[in-house]
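Undergrad: Compute the structure for the input listed below.
(one chain, ligands or ions: 1)
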Amino acid sequence: MGEDLKYDVVIVGLGPAGSSLAYLLKDAGLRVLGVEVAGPGRVWGKPCGDAIGKQHFIEAGLPFPQGDALMQVVDAIDIYSPSEKVKIRLQEPGGGFMIDRTKYGLSLLKEAEKKGVEVMLETHVLTPIIESGKLVGVKAKRKSDGKTLNIKANIVVDATGSGAAVKRKLPDTWPVKEPLKETDSAVAFRKIIEVDYDIEEPSVLRIYINEKIAPGGYWWFFPKGKRIANVGLGVQRGRGYPHPRLLYEKYLATRDEVGRVVRVLNEAGALLPTRRPANTLVWDNFISIGDNGFTVNPLHGGGMGYAMVAAKYASEVIVRSHETGDFTAKGLWDMNLKYMRGLGAKQAGLDILRMYLQTLTNEEVEWAMKTGLATVDNVIETSLTGELRGVNLSLLEKAKVLASLLKRPTKLVQLMIVGEYMSRVKALYKKYPESPEELPRWVDSVESLYKEFKKRIGIDW
Ligand SMILES: Cc1cc2nc3c(=O)[nH]c(=O)nc-3n(C[C@H](O)[C@H](O)[C@H](O)COP(=O)(O)OP(=O)(O)OC[C@H]3O[C@@H](n4cnc5c(N)ncnc54)[C@H](O)[C@@H]3O)c2cc1C
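TA: Sure thing, here's the model as predicted:
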């Protein structure tokens with residue numbers, strides 16, 4: 001029952017992942033439909049820190065935010081130790097932006113629509129349509145007329161974030177249906193506040209590491225101009241920590257720079273994955289991108305840039321598959337090869353580091369930042385490459401660091417282990433299997449490696 005529609009591609013969810021894909025497919029000559037449950041005022045409406053590095057736009061081939069969509073240019077990030085006495089300033093390579101997500105998202109959709117991409121807002125995708133074991137489209141309900149739509153397409157893209165509207169209803173036997181473990185995710189809460197004073201250095205983002213305030217995560221103060229700031233915190237899930245909203249009111253709202261509020265423009269929380277990418281981002285007639293495919297930076301939870309890059313690879317594989325007519329997992333596999341051997345390898349290395357950092361106490365973080373173990377170069381290099389090259393002989397040559405490390409032999413050993421596993425995991429991702437048949441064996445190797453790492457570090461979650 002309902003109205004039947006036919007496209008080449010249906011993109012479900014028009015957040016950063018889905019609308020980037022809609023934009024990138026605008027010149028492909030394909031019949032593309034983007035479906036989004038939210039209305040125009042809520043496009044890209046998921047709560048976010050709103051910070052994004054410039055290089056992601058370049059990598060993905062997307063326009064820089066301009067006009068009202070660009071709220072603040074970012075030049076640097078200050079990372080504060082738990083006592084806030086030690087500060088590391090990271091000069092963002094290439095810089096970054098604080099954006100108005102809805103305005104930027106709408107601008108992408110407008111450009112896509114100009115070139116013939118169809119955009120259907122306020123339309124709720126309910127379920128995948130599977131006929132004789134094959135994914136052929138999605139069933140949706142349009143709010144304006146209450147109509148049920150049977151949207152058929154060669155490829156269904158799930159870009160609905162962690163809600164996974166399509167993915168979670170696929171057959172259990174499909175490897176792409178991979179659940180998100182609680183401890184591999186965070187719940188984050190943020191307010192956008194207008195303050196009654198001029199923010200010092202609005203082009204500098206501030207990140208604070210403090211396990212009491214943000215257990216298993218961090219809290220942030222990101223200026224969006226001189227008098228507006230996005231302030232929030234992320235907390236690891238599955239370990240019994242309080243909800244970040246409570247922690248915000250208890251620890252952040254009581255601080256001078258956060259508490260001097262003229263008005264709260266928006267407040268909300270949401271879940272975010274903080275792990276390596278899903279084992280596969282494609283299956284027969286199906287592609288998963290953005291939070292849906294766990295394409296995020298596990299260290300800081302930033303997912304907009306990774307979603308955009310995943311969208312770029314998806315657009316390439318979608319065009320290719322329409323040339324070959326092969327929409328099977330094999331026909332779409334190039335998406336995995338491109339993502340996993342590049343950004344995915346870095347992501348997997350950072351996932352190892354993320355788990356380790358989540359075991360550290362405030363006192364240990366303070367020590368690492370104070371002794372210079374976590375230096376600007378280390379942090380930048382590690383976040384760019386997903387490797388911990390800092391823990392090698394050249395670093396140990398630094399007498400101060402060596403002396404303090406020798407006073408903490410367990411930490412020295414652990415850091416060597418972390419560095420070793422970051423490299424090993426990365427190497428495994430660089431050898432991501434050439435075809436779907438080889439996937440189960442590769443997944444076994446990845447899982448054993450992570451298990452082995454956790455055992456050696458003593459992580460039991
Ligand atoms: C508090 C917080 C702070 C963050 N800070 C940052 C940051 O500063 N920088 C950064 O890069 N990342 C940050 N992130 C992560 C970032 O927000 C996400 O990685 C990013 O939004 C993922 O984009 P996406 O398109 O994959 O998913 P989403 O943004 O979740 O978009 C999914 C879309 O699908 C739609 N949808 C869902 N279900 C359906 C359905 N059934 N039918 C139709 N449409 C549907 C939703 O309405 C939504 O528009 C933060 C996250 C949180 C929670």
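Undergrad: quick one: buried residues of stretch 226-241?
TA: If you call a residue buried by 16 or more other C-beta atoms under 10 Å, then stretch 226-241 has these buried ones: 228, 229, 230, 231, 232, 233, 234, 235, 236, 237, 241. (Each C-beta comes from the backbone N, C-alpha and C, glycine too.)
Undergrad: for the last one, what are its contacts?
TA: Spelled out, it's residue 241. 215, 216, 235 (C-beta atoms under 8 Å, 6 or more residues apart in numbering).
Undergrad: Let me know the secondary structure of it.
TA: coil (DSSP: H, G, I helix; E, B strand; the rest coil).
Undergrad: what's the first-to-last distance across stretch 20-32?
TA: End-to-end distance for stretch 20-32, by C-alpha to C-alpha, to the nearest Å: 13 Å.
Undergrad: How about stretch 59-73?
TA: End-to-end distance (C-alpha to C-alpha), stretch 59-73: 18 Å.
Undergrad: in the stretch 201-350 of the chain, which spans are strands?
TA: 204-208, 218-223, 228-236, 261-273, 282-283, 286-288 (DSSP state E, counting those that start in this stretch).
Undergrad: Hey, what's the angle from the longest one to strand 228-236? Just curious.
TA: Computed with axes from the mean of the first three to the mean of the last three C-alpha atoms, to 10 degrees, the direction of strand 261-273 lies at 40 degrees from that of strand 228-236.
Undergrad: Outside of strand 261-273 itself, which residues are in contact with it?
TA: Residues outside strand 261-273 that contact it (C-beta under 8 Å, 6+ apart) are 46-47, 162, 180, 184-196, 227-228, 234, 237, 243-245, 291, 294, 296, 301, 303.
Undergrad: Please convert the buried members of these into ChimeraX selection syntax.
TA: Command for ChimeraX, covering only those of these found buried under the criterion 16+ other C-beta under 10 Å:
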select :46,47,162,180,184,185,186,187,188,189,190,191,192,193,195,228,234,237,244,245,291,294,296,301,303
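Undergrad: Can you sort out which of the contacts of strand 261-273 also neighbour the ligand?
TA: 46, 47, 188, 190, 291, 296, 301, 303 (C-beta under 6 Å from any ligand atom).
Undergrad: can you redo the contacts of residue 241 as CSV with distance to the ligand?
TA: Putting the contacts of residue 241 into CSV (distance: C-beta to the nearest ligand atom, whole Å) gives the following:
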residue, distance to the ligand
215, 16
216, 14
235, 11
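Undergrad: Just name the closest of those residues to residue 414, please.
TA: Proximity of the contacts of residue 241 to residue 414 (C-beta to C-beta) peaks at residue 216, which lies at 17.3 Å.
Undergrad: Please list the residues of the stretch 151-300 of the chain that sit near the ligand.
TA: When proximity is defined as C-beta under 6 Å from any ligand atom, the stretch 151-300 of the chain approaches the ligand at 159-161, 163, 165, 188, 190, 232, 270, 272, 290-292, 296.
Undergrad: Could you dump those residues into CSV and include distance to residue 88 and pLDDT?
TA: As requested, those are exported to CSV (distance: C-beta to C-beta, whole Å; pLDDT from 0 to 100):
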residue, distance to residue 88, pLDDT
159, 34, 98
160, 36, 98
161, 31, 98
163, 35, 96
165, 40, 97
188, 22, 98
190, 22, 98
232, 20, 98
270, 28, 97
272, 24, 96
290, 29, 98
291, 28, 98
292, 33, 98
296, 22, 96
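Undergrad: Among those residues, name the ones in helices.
TA: Secondary structure defined by DSSP state H assigns none of these to helices.
Undergrad: Widest-spaced pair of those residues?
TA: So for those, where distance means C-beta to C-beta, the most widely separated pair is 165 and 232, at 25.1 Å.
Undergrad: Please parse this protein into its domains.
TA: 3-61+102-178+277-332, 69-94+182-273, 347-457 (automatic domain parsing).
Undergrad: Compare these and give me the one nearest residue 339.
TA: The minimum distance between residue 339 and the domains of the chain falls on domain 3-61+102-178+277-332, with 5.3 Å, by C-beta to C-beta.
Undergrad: can you list the weak-confidence ranges in the stretch 301-450 of the chain?
TA: Scanning the stretch 301-450 of the chain for pLDDT under 70 picks out the ranges 374-384, 386, 388-406.
Undergrad: quick revisit: tell me which of the strands of the stretch 201-350 of the chain is the most buried.
TA: strand 286-288 (a mean of 28; mean count of other C-beta atoms under 10 Å).
Undergrad: so how far is it from its chain's centroid?
TA: Distance of strand 286-288 from the chain centroid (C-alpha atoms, centre = their mean, to the nearest Å) equals 17 Å.
Undergrad: what are the pairing partners of that strand, and which direction each?
TA: strand 148-158 (parallel), strand 282-283 (antiparallel) (DSSP bridges).
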